[in-house]
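Student: Sequence below, structure please.
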Amino acid sequence: MTPNGNRHGRTGTALHPAPRRAAQPRDWRKRISDNLAYGLLVYTGLQIFVTMKQLKELSGTMLPYMALIVLVGGIIPAARMLERHWDKLDDIHAFDPAEAPRFARDRAIIWAAAIGLPFLLALIAKALHSLT
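Tutor: This next block holds a predicted model:
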């Protein structure tokens with residue numbers, strides 16, 4: 001038998017649960033970086049899906065080129081600008097709970113842009129195509 005009353009050496013059973021570790025705070029820098037990476041993946045996936053659908057509906061549209069220009073010319077620099085605050089945090093402030101409201105705001109911006117921009121660009125392209 002092990003010291004915790006378990007003969008198999010495992011750290012917890014129904015009768016003898018494993019001791020809980022204190023919750024480790026997560027680094028704001030890593031969390032915002034993860035949100036940006038996943039947001040860019042979602043944006044790109046939606047952009048491809050929306051673009052392909054629109055290419056079938058509207059022949060000769062400039063949507064793929066416009067989307068690429070927006071992605072490279074606007075999204076990536078905007079993401080870097082948003083991330084700049086978090087990159088400047090030292091190791092003490094990287095775990096500071098006082099950063100939670102700013103993190104929530106920045107995360108909301110990331111996901112609103114990642115999900116909303118592909119559809120907004122599609123609407124703009126459709127409107128421009130209808131004008132011609």
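Student: other SSEs contacting the lowest-mean-pLDDT helix or strand in the chain?
Tutor: For the chain, using mean pLDDT, DSSP states H and E, the weakest element among its helices and strands is helix 63-70, scoring a mean of 71. Applying 3 or more CB pairs under 8 Å, 6 or more residues apart in numbering; DSSP states H and E, one finds that helix 63-70 makes contact with helix 28-57, helix 100-131. (Each C-beta comes from the backbone N, C-alpha and C, glycine too.)
Student: Relative to Ile76, which of those helices is closest?
Tutor: helix 28-57 (7.9 Å; CB to CB).
Student: Determine how far the closest one lies from the middle of the whole chain.
Tutor: For helix 28-57, the separation from the chain centroid amounts to 9 Å (computed by CA atoms, centre = their mean, to the nearest Å).
Student: so it versus helix 100-131, what angle?
Tutor: Helix 28-57 and helix 100-131 are oriented at 10 degrees to each other (axes from the mean of the first three to the mean of the last three CA atoms, to 10 degrees).
Student: tell me the mean pLDDT for stretch 37-52?
Tutor: Averaged over stretch 37-52, pLDDT sits at 88.
Student: Ok, stretch 108-124 next?
Tutor: 91.
Student: in it, what's buried?
Tutor: Within stretch 108-124, the residues scored as buried using 16 or more other CB atoms under 10 Å are Ile110, Ala113, Ala114, Leu117, Pro118, Leu121, Ala122.
Student: rewinding a little: Serialize the helices and strands packed on helix 63-70 to TSV and add fields for distance to Gly74.
Tutor: TSV is the format used below for these (distance: least, CB to CB, whole Å):
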stretch	distance to Gly74
helix 28-57	11
helix 100-131	9
